[in-house]
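Asker: structure for the following, please:
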Amino acid sequence: MITLDLPFYVLGEDITCLLCLVLSVNIFTSFSPSEYRHRLFLYADLSTFFAALINIASVICIANYKILPLALCTGVSTLYFICLLMTPLFLSSYALDMALPPAYKRVGIIINYLIYTLYLLVILLNIKTGWVFRYDSEFGYVRGPLKVITYVTTLIYGVITIFSLTLNRNTMAKRIYVVFLLYPLLSILIMSFQFFLPRVILTGTASFAALLLTYVSIQSDLLDFDMVTGLMTGRKLIKHIENNKKRGFLYVLSIENMNILQNNMEISDLNFLLLDIGRHIQKYFLRHSYHQNTSRFAGICDSLDELKAYHKEISDYINEKNLTYTNQIFVPMDVYYSAVEIHYGDKNIDSLIDIINNLLNKAILNEDHTLKICNQEVLKSMQRKRQIEEILKRELTLESKQFQVWFQPIYSLEKSAFTHMEALSRLKNTELGDIPPQEFIEVAENKGMIEKLGFVAFEKVCKFIAENKNLVQSVSINFSVYQMVNQNVVSSVLKTISDFGLAPSSIIIEITESLFIENYALVRSNMIALAKAGVRFYLDDFGTGYSNLSSVLNLPFSTIKIDRSLMLVMEDDYTKERFVCNIIDTFKDAGVKVLVEGVETQSQNQMVKIAKADFIQGFFYSKPLPEDECIKVLKNHNTKKE
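Answerer: Here you go, the predicted structure:
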């Protein structure tokens, strides 16, 4: 029986193997291996495991060279040296990936791999040369003239990491800088201990210590810690509010034009801007500073007085920054501020975020950049919106008596008659009374119900036409962007029309120009498909946006609706009147009819007639009416005409 002697202390390596396995399982289950940085950390962990495991085997070979084949001993020790420097390689690359700007990151990592390649070449040549080590049948394991190559290479990796970190320390969060500064120093310290006490095997322990430091300080916090700003993430904010029993105030800074900044700035410049803002937030809110998402920062403080004082400093700083960045990219940050006392959410983060969103939406709507603080009025408004949301959930059905469609007749100048009408959604006789359209439509948009609202209204229109075919030839109805970009809009519209036994020409879909600006190709495709089936299209609210006439004329619009604002312009003076008349003539020359809406007086009516519009819509002819009243108006009108 052969007994393998082991006169070395390898307990550290045994523990390292076990802990590396545990850590690798955690990495696999907690992080996405598709991300480069996570893969580097995983490779560092696995290489530490194999280095420690093979080191134990190598120690066995060294202690028992007389009874083991020397070729086997040489192979095991060579494999150990190969694995040993993989951990510094991957950890150093991990650090450089965080520390270096994009322009230098690739160069730094290539240098890292080049150093390892040269080291690997020496180790492989060592099999023949014995430069690093060799096995002698009489003396066993013998160190060669390059015996310190592992220590030197590890030191080089440490120096490269420290040098890169120091050069770029102003672009990094302080926490990241300190952790990566400690990592090479800790490795070098433990390796030095190993150098002077060769029988205490600590090489794997040195690597694992660096891994553990990185994991505890950074890698385990990746889901709760933002690498760009050095602040805790929105996830950490949620945890804090849910677990903290103290009262306090949540402060949120929102950069509303972040997408524009992203399109106009280099990613490194944008990251530095976010880091800069993060540092200033942290200057006042200290440990309770958060980067909630790309465009929002948050902080928690104890009192309202503190909040107002901090806000003044932060808003002044943002205004100062705006001057700097406007000079660089000609686009200022569009920043809004809101705050809420945490007890309003009863420790429920969803309630608090809902309040914050309402405050910010109101500020954005009014372009108000002052601090908005939640009060009882805001809470009452939110409560009303929640009630409207519940009403919509209940009433958005074809059979509902509260969600109604009213109709406003449209007058044809050519036929001197009401030829069709526009459908308008109404919410009537609810527990809150009659709810204005702009109010319930806003709630529907914010709560993801606007598409359902639009299609239910469309069904009601089809039902109305089907029940009144002798009087109603066609009805126009507004479609939202959500409806027009729905991949099933064509089949859904045509099926509904067919289910009610209608001709496609009885339906006119109104869309605004803002709807197709960002979705032009998809909206155009759906419009053309519906137009080929016979559905007509109106361009609504022409004159309120920034219409591209070539885009408008390339879409299958049968009629352009001139907004009331242009009609009011006509009343100002003759020059403006001629301008609007020329617009009408341009469309008519292109074969597109023109409808002027918002006509309320005889003088406005006469002016529109002189401008030779095709259709007129407004209170001068009829206000929006419920179904039965609209039918009466049509019948009376037809009787008078006869």
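
Asker: helices or strands up against the biggest strand by length in the chain?
Answerer: Criterion DSSP state E: the longest strand present in the chain is strand 417-430. With contacts taken as 3 or more C-beta pairs under 8 Å, 6 or more residues apart in numbering; DSSP states H and E, strand 417-430 sits against helix 376-395, strand 403-412, strand 433-435, helix 437-446, helix 450-467, strand 475-478, helix 627-641. Placement of C-beta: from N, CA and C, glycine included.

Asker: which one of those lies nearest to Val122?
Answerer: helix 437-446 (65.1 Å; C-beta to C-beta).

Asker: next, the buried residues of that closest one.
Answerer: 440-444 (16 or more other C-beta atoms under 10 Å).

Asker: now do it against strand 417-430, angle only.
Answerer: Orientation of helix 437-446 against strand 417-430 (axes from the mean of the first three to the mean of the last three C-alpha atoms, to 10 degrees) gives an angle of 70 degrees.

Asker: contacts for stretch 273-286, please.
Answerer: 171-173, 226, 228-231, 251, 253, 261, 265, 289, 291, 297, 299-301, 310, 313-314, 317-318, 321, 325 (C-beta atoms under 8 Å, 6 or more residues apart in numbering).

Asker: please repeat the previous calculation with a cut-off of 6 Å.
Answerer: The contact list for stretch 273-286 (C-beta atoms under 6 Å, 6 or more residues apart in numbering) reads 228-231, 289, 297, 299, 310, 317.

Asker: narrow these to those in helices?
Answerer: Secondary structure from DSSP state H places 310, 317 of those in helices.

Asker: identify, from the buried residues of helix 437-446, the entry nearest to Phe620.
Answerer: Closest to Phe620, out of all of the buried residues of helix 437-446 and judged by C-beta to C-beta, is Ile441, at 25.3 Å.

Asker: would you enumerate the residues in contact with that closest one?
Answerer: By C-beta under 6 Å, 6+ apart, Ile441 has no neighbours at all.

Asker: now the helices and strands packed on strand 417-430 as CSV including mean pLDDT and distance to Tyr151?
Answerer: Formatted as CSV, these follow (pLDDT from 0 to 100; distance: least, C-beta to C-beta, whole Å):
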stretch, mean pLDDT, distance to Tyr151
helix 376-395, 90, 64
strand 403-412, 95, 78
strand 433-435, 96, 77
helix 437-446, 91, 62
helix 450-467, 95, 66
strand 475-478, 95, 75
helix 627-641, 80, 89
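
Asker: okay if I get these as a markdown table plus distance to Leu359?
Answerer: A markdown table is the format used below for these (distance: least, C-beta to C-beta, whole Å):
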| stretch | distance to Leu359 |
| --- | --- |
| helix 376-395 | 6 |
| strand 403-412 | 29 |
| strand 433-435 | 22 |
| helix 437-446 | 13 |
| helix 450-467 | 22 |
| strand 475-478 | 29 |
| helix 627-641 | 39 |
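
Asker: between the ones you listed, which gets nearest to Asp97?
Answerer: Comparing the helices and strands packed on strand 417-430 by C-beta to C-beta, helix 437-446 comes nearest, at 39.4 Å.

Asker: for that closest one, output the C-alpha coordinates as CSV.
Answerer: In CSV, the C-alpha atoms belonging to helix 437-446 read as follows (Å, rounded to 0.1, in the frame of the first residue of the first chain):
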residue,chain,number,x,y,z
PRO,A,437,-63.6,63.7,-21.6
GLN,A,438,-60.2,65.2,-21.1
GLU,A,439,-60.2,63.9,-17.6
PHE,A,440,-61.2,60.3,-18.2
ILE,A,441,-59.1,60.1,-21.4
GLU,A,442,-56.0,61.1,-19.4
VAL,A,443,-56.7,58.4,-16.9
ALA,A,444,-57.2,55.9,-19.7
GLU,A,445,-53.9,56.8,-21.3
ASN,A,446,-52.0,56.7,-18.0
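
Asker: and for Val159, the neighbour number?
Answerer: Neighbourhood size, Val159 [other C-beta atoms under 10 Å]: 13.

Asker: please, which helix or strand holds it?
Answerer: Per DSSP states H and E: Val159 is located in helix 149-167.

Asker: so what touches stretch 297-307?
Answerer: Under C-beta under 6 Å, 6+ apart, the answer for stretch 297-307 is 237, 248-253, 281, 285, 288-292, 339.

Asker: only C-alpha atoms, please: export stretch 129-137 in CSV.
Answerer: Provided in CSV are the C-alpha atoms of stretch 129-137 (Å, rounded to 0.1, in the frame of the first residue of the first chain):
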residue,chain,number,x,y,z
THR,A,129,14.0,24.4,-19.9
GLY,A,130,13.2,24.1,-16.2
TRP,A,131,13.3,27.9,-16.0
VAL,A,132,10.6,28.0,-13.3
PHE,A,133,10.8,24.6,-11.8
ARG,A,134,11.8,21.0,-12.5
TYR,A,135,11.5,17.6,-10.8
ASP,A,136,14.7,15.7,-10.0
SER,A,137,14.7,12.0,-9.1
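
Asker: tell me which residues in it are buried?
Answerer: Using 16+ other C-beta under 10 Å as the test for burial, stretch 129-137 gives 130-135.

Asker: mind checking what secondary structure the closest residue to Ala363 other than its chain neighbours has?
Answerer: Spatial nearest neighbour of Ala363, excluding adjacent residues (C-beta to C-beta, 6 or more residues apart in numbering): Tyr336 at 4.6 Å. At Tyr336 the chain is in strand, as set by DSSP: H, G, I helix; E, B strand; the rest coil.

Asker: ok, what's across the strand from Tyr336?
Answerer: Beta-bridge partners for Tyr336, by DSSP bridges, are Ser254.

Asker: now it: how far from Asp276?
Answerer: Using C-beta to C-beta, to the nearest Å, one gets 19 Å for the distance from Tyr336 to Asp276.

Asker: quick check: what element follows the helix or strand Glu13 falls within along the chain?
Answerer: Element membership for Glu13 (DSSP H and E) is helix 11-30. Sequence order places helix 36-63 as the next helix or strand after helix 11-30, per DSSP H and E.

Asker: and that next one, which residues are buried?
Answerer: 37-56, 58-63.

Asker: ok so, going back, neighbour count: Tyr336 and Asp276, which is higher?
Answerer: The residue with more neighbours, out of Tyr336 and Asp276, is Tyr336; 23 against 16, by other C-beta under 10 Å.

Asker: dump the buried residues of stretch 129-137 into a markdown table; add pLDDT and distance to Leu555 as well.
Answerer: Converted to a markdown table, the buried residues of stretch 129-137 look like this (pLDDT from 0 to 100; distance: C-beta to C-beta, whole Å):
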| residue | pLDDT | distance to Leu555 |
| --- | --- | --- |
| Gly130 | 92 | 80 |
| Trp131 | 93 | 76 |
| Val132 | 93 | 75 |
| Phe133 | 92 | 78 |
| Arg134 | 91 | 81 |
| Tyr135 | 91 | 82 |
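
Asker: can you tell me which two in those are farthest apart?
Answerer: Trp131 and Tyr135 (13.9 Å).

Asker: circling back to that earlier point, ok, the contacts of stretch 297-307 vs Gly75, which is closest?
Answerer: Of the contacts of stretch 297-307, the one sitting nearest to Gly75 (C-beta to C-beta) turns out to be His291, at 50.4 Å.

Asker: report the contact partners of that closest one.
Answerer: By C-beta under 6 Å, 6+ apart, the neighbours of His291 are 226, 229, 231, 297.

Asker: now do the SS call for it.
Answerer: Strictly by three-state DSSP, His291 counts as strand.

Asker: make a PyMOL selection of the buried ones in the contacts of stretch 273-286.
Answerer: Filtering the contacts of stretch 273-286 down to the buried ones (16+ other C-beta under 10 Å) takes a single PyMOL command:
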select buried, resi 228+229+230+231+289+297+299+310+317
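
Asker: many thanks, I have nothing further to ask.
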